[in-house]
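Undergrad: starting from these lines, generate the structure:
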Amino acid sequence: METGYAVLNRIVGHFTENHVWLFVASAFIICFPVFKLIRNQEQPWIAALLWISIGPYLESFNTMRGAMAASILVFSLKYMRERKLIKYLLIVLLATMFHSVAILMVFAYFLPLIKPSKKSIIIMALI
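TA: Reported below is the predicted structural model:
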């Protein structure tokens, strides 16, 4: 189990043994960044509709941790655009504490540097 999720379990466990509160805390970690992102969209209803559609997939433990990591990664987009690598990496590392696959987002920082060409598109598709 990733460190961030284990710490969240411990924190909630110190206050209550009722597992429902773990889901409440997890829902906050998932929802807060996404609602912040949705609020900044030109057509927020479309972004909200797309995000709500993930609901049925949040039923499994692994997917819930992945959704938490993806929601935390929302905050990294700003630093990707501003080209602030250290801040970007800190958010990616925080997200990785909830789901280890989030570490792959380190490579996403460099994607805007790749100029679209036939060769680069084929390489990215193969990767």
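Undergrad: so which helix or strand of the chain has the lowest pLDDT on average?
TA: helix 44-52 (a mean of 74; mean pLDDT, DSSP states H and E).
Undergrad: next, the buried residues of that one.
TA: In terms of neighbour count (16 or more other Cβ atoms under 10 Å), helix 44-52 has its buried residues at 47-48, 51. (Each C-beta comes from the backbone N, C-alpha and C, glycine too.)
Undergrad: any chance of these in CSV, plus distance to Q41?
TA: Putting those into CSV (distance: Cβ to Cβ, whole Å) gives the following:
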residue, distance to Q41
A47, 4
A48, 9
W51, 10
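Undergrad: hang on, the earlier thing: which element is encountered next along the chain beyond the least confident helix or strand of the chain?
TA: For helix 44-52, the following helix or strand on the C-terminal side (DSSP states H and E) is helix 61-73.
Undergrad: centroid residue for this protein?
TA: Central residue of the chain (Cα atoms, centre = their mean): A70, 1.5 Å from the mean position.
Undergrad: now, which of the buried residues of helix 44-52 sits nearest W21?
TA: W51 (23.0 Å; Cβ to Cβ).
Undergrad: give the contact list for the residue lying closest to that closest one once chain neighbours are set aside.
TA: Nearest non-adjacent residue to W51, counting by Cβ to Cβ, 6 or more residues apart in numbering: V34, 5.3 Å away. For V34, the contact set (Cβ atoms under 8 Å, 6 or more residues apart in numbering) comprises 51, 71, 74.
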